[in-house]
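K.L.:
Attaching a predicted model along with its sequence, questions to come.
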Number of protein chains: 2
Amino acid sequence: MNDPAPKITAKSDVPFFDEAFHARLEDLIRWRRDVRRFVADPVEDALIDEIIGLAALSPSVANSQPWRFVKVADPDRRARIVENFEACNKDALGDYDGDKANLYATLKLAGLREAPVHLAVFCDTQTAAGHGLGQKTMPETLCYSVVGAVNTLWLAARARGIGMGWVSILEPAKVTEILDVPAEWSLIAYLCVGYPEEEHIDPELDRAGWQKREDAQKFIIER
Amino acid sequence: MNDPAPKITAKSDVPFFDEAFHARLEDLIRWRRDVRRFVADPVEDALIDEIIGLAALSPSVANSQPWRFVKVADPDRRARIVENFEACNKDALGDYDGDKANLYATLKLAGLREAPVHLAVFCDTQTAAGHGLGQKTMPETLCYSVVGAVNTLWLAARARGIGMGWVSILEPAKVTEILDVPAEWSLIAYLCVGYPEEEHIDPELDRAGWQKREDAQKFIIER
């Protein structure tokens, strides 16, 4: 058993982030987009490992690190993922009427065919790491830890000019089966990754007239 | 209805992030810590609004922006949150035996009494924004969107020298009641926020000998 007493880190080791960095970080946060239009250029595997390495530095409940990153390269598996997306998307379209249905049909909701890299990110819901700490009243924090890692991955990717799109119009059980991963792995995100065809600062669904962005102040309340 | 055709953004508008920025971003990701030891100094409310504003630029399924940020300032409500944490933590301790129980008892799992700012982050599970897009087969992506925003908030806070700790040893239904927010708001994260007493690069639970960090390569598989 290690000594649980806190070790003080010398203050001189600690980085200071100045206003110029704040401005660049804000640029990064603003320019990170959900990308569904990719050019054909490949993304080096070492670059994918680099951004996964940064994602794995994200916080996780109990330091459980429940993230599992699956690089999906097999053409047959990819084709079956595309097929599942198309079936789910067709089904979802049926939920809208009139103008909303017409608009939905024009939206580009995945870039699975064009993206050079497919990355499926799972949560190992049965991991022993972390010994269950912090998960008794909020077990969902295990999966939430993986979502945080996806967010870090996204920012790290964008900083390198790589675009990412999160595709949620898929059946998780089907994806688990197609990728032949353990049944206790819960699908968190299926990601299309590649270099973007275009870059823009406005959310894809805002520019398409589906849902506009609101002012953040609207979401703050006091108690 | 807006025109759904993509508008090309002039390439000259697009920021480029160089290697120096990559290195600073890596510093930020590495030095972002789950902080539970705070000094008494207050954090300016304008600074909290600034980091919430950045968090609200995070991706959300259907651009639904389901995040709701609750600043908890009322001493009575805070005291009831601390009380709930203490009851849950005592109950959780009962799940461990021997050395693990002894170690658990020494861990500092919240900084609720010391933190100058309490921030509860919820997901409005009944929001009409985004019209349900992308949530038919994976409805959990609505709550996942809020988790991503918490991750952005954390990085934005750390860049300003502000520490944040995510407390999950709480009963969500009880928190909803104590804070008197709509029952359909799902608690995602209860956060202690303030300036840290110390800064260190190793995870709190790693240094305490509870769970060490693994190499990211261990979490990558190919299909």
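P.N.:
Cool, the structure landed. Numbers count the residues shown, from 1 in each chain, chains lettered A, B, ... in the order given.
K.L.:
got any ranges where chain A has weak pLDDT?
P.N.:
Residue ranges of chain A with pLDDT under 70: A:1-12.
K.L.:
where along it do the helices fall?
P.N.:
A:19-31, A:45-55, A:75-93, A:98-106, A:141-159, A:172-179, A:204-207 (DSSP state H).
K.L.:
what about the fourth one, near chain B?
P.N.:
Yes - contact between helix A:98-106 and chain B is present through A:99-100, A:103-104, A:106 (criterion: CB under 8 Å from any CB of the partner chain). (Glycine included, C-beta is placed from N, CA and C.)
K.L.:
Then stretch A:59-68?
P.N.:
Yes - applying CB under 8 Å from any CB, one finds that stretch A:59-68 is in contact with chain B at A:59, A:61-65, A:67-68.
K.L.:
Same check on stretch A:204-212?
P.N.:
Yes - applying CB under 8 Å from any CB, one finds stretch A:204-212 touching chain B at A:204-212.
K.L.:
Check stretch A:145-156 too.
P.N.:
Yes - counting by CB under 8 Å from any CB, chain B is contacted by stretch A:145-156 at A:147-148, A:150-152, A:154-156.
K.L.:
quick one, longest strand in chain A?
P.N.:
When every strand of chain A is counted residue by residue (DSSP state E), the longest turns out to be strand A:185-194.
K.L.:
gap between stretch A:15-34 and the chain center?
P.N.:
In terms of CA atoms, centre = their mean, to the nearest Å, the centre of stretch A:15-34 is found 19 Å from the chain centre.
K.L.:
Go ahead and name everything in contact with that stretch.
P.N.:
Identification of contacts with stretch A:15-34 by CB atoms under 8 Å, 6 or more residues apart in numbering or on different chains yields A:154-155, A:158-159, A:163-166, A:196, A:199-201, A:203-204, B:14-15, B:17, B:21, B:24-25, B:27-28, B:31, B:54, B:57-59, B:152, B:155-156, B:158-161.
K.L.:
Now that stretch - C-alpha only, CSV.
P.N.:
Taking C-alpha atoms only, stretch A:15-34 is exported to CSV below (Å, rounded to 0.1, in the frame of the first residue of the first chain):
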residue,chain,number,x,y,z
PRO,A,15,2.8,25.6,-16.0
PHE,A,16,1.2,29.1,-16.2
PHE,A,17,-1.3,29.7,-19.0
ASP,A,18,-1.3,33.3,-20.2
GLU,A,19,-4.0,35.3,-21.9
ALA,A,20,-2.6,34.5,-25.3
PHE,A,21,-3.0,30.8,-24.6
HIS,A,22,-6.6,31.5,-23.3
ALA,A,23,-7.4,33.2,-26.7
ARG,A,24,-6.0,30.2,-28.6
LEU,A,25,-7.8,27.7,-26.5
GLU,A,26,-11.0,29.6,-27.1
ASP,A,27,-10.3,29.5,-30.9
LEU,A,28,-9.8,25.7,-30.5
ILE,A,29,-13.1,25.3,-28.6
ARG,A,30,-14.9,27.5,-31.1
TRP,A,31,-13.5,25.8,-34.2
ARG,A,32,-13.9,22.2,-33.1
ARG,A,33,-16.7,21.1,-35.2
ASP,A,34,-18.7,17.9,-35.8
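K.L.:
For it, buried residues please.
P.N.:
By neighbour count on 16 or more other CB atoms under 10 Å in any protein chain shown, the buried set for stretch A:15-34 is A:17, A:21, A:24-29, A:31-34.
K.L.:
And stretch A:215-223, by the same measure?
P.N.:
The neighbour-count check on stretch A:215-223 (16+ other CB under 10 Å) flags A:216, A:219-220 as buried.
K.L.:
Distance across that stretch, terminal residue to terminal residue?
P.N.:
Chord length of stretch A:215-223, first to last residue, is 20 Å (CA to CA, to the nearest Å).
K.L.:
Return the residues in contact with A:Gly111.
P.N.:
A:35-38, A:165, A:192, A:194.
K.L.:
middle-most residue in chain A, spatially?
P.N.:
Residue closest to the average C-alpha location in chain A (CA atoms, centre = their mean): A:Val150, at 3.7 Å.
K.L.:
how far out from the middle of the chain is stretch A:216-223?
P.N.:
How far stretch A:216-223 lies from its chain's middle: 26 Å, per CA atoms, centre = their mean.
K.L.:
make that stretch A:84-95, sorry
P.N.:
Relative to its chain's centre, stretch A:84-95 lies at 21 Å (CA atoms, centre = their mean).
K.L.:
what's the answer for stretch A:35-47, then?
P.N.:
Relative to the centre of its chain, stretch A:35-47 is centred 15 Å away, using CA atoms, centre = their mean.
K.L.:
Check stretch A:90-99 too.
P.N.:
Centroid displacement of stretch A:90-99 relative to its chain, using CA atoms, centre = their mean, is 25 Å.
K.L.:
What residues sit buried inside stretch A:118-138?
P.N.:
Using 16+ other CB under 10 Å as the test for burial, stretch A:118-138 gives A:118-124, A:127, A:129-138.
K.L.:
ugh, wrong one, I meant stretch A:34-50
P.N.:
Buried-residue list, stretch A:34-50, by 16+ other CB under 10 Å: A:34-38, A:43, A:47-48, A:50.
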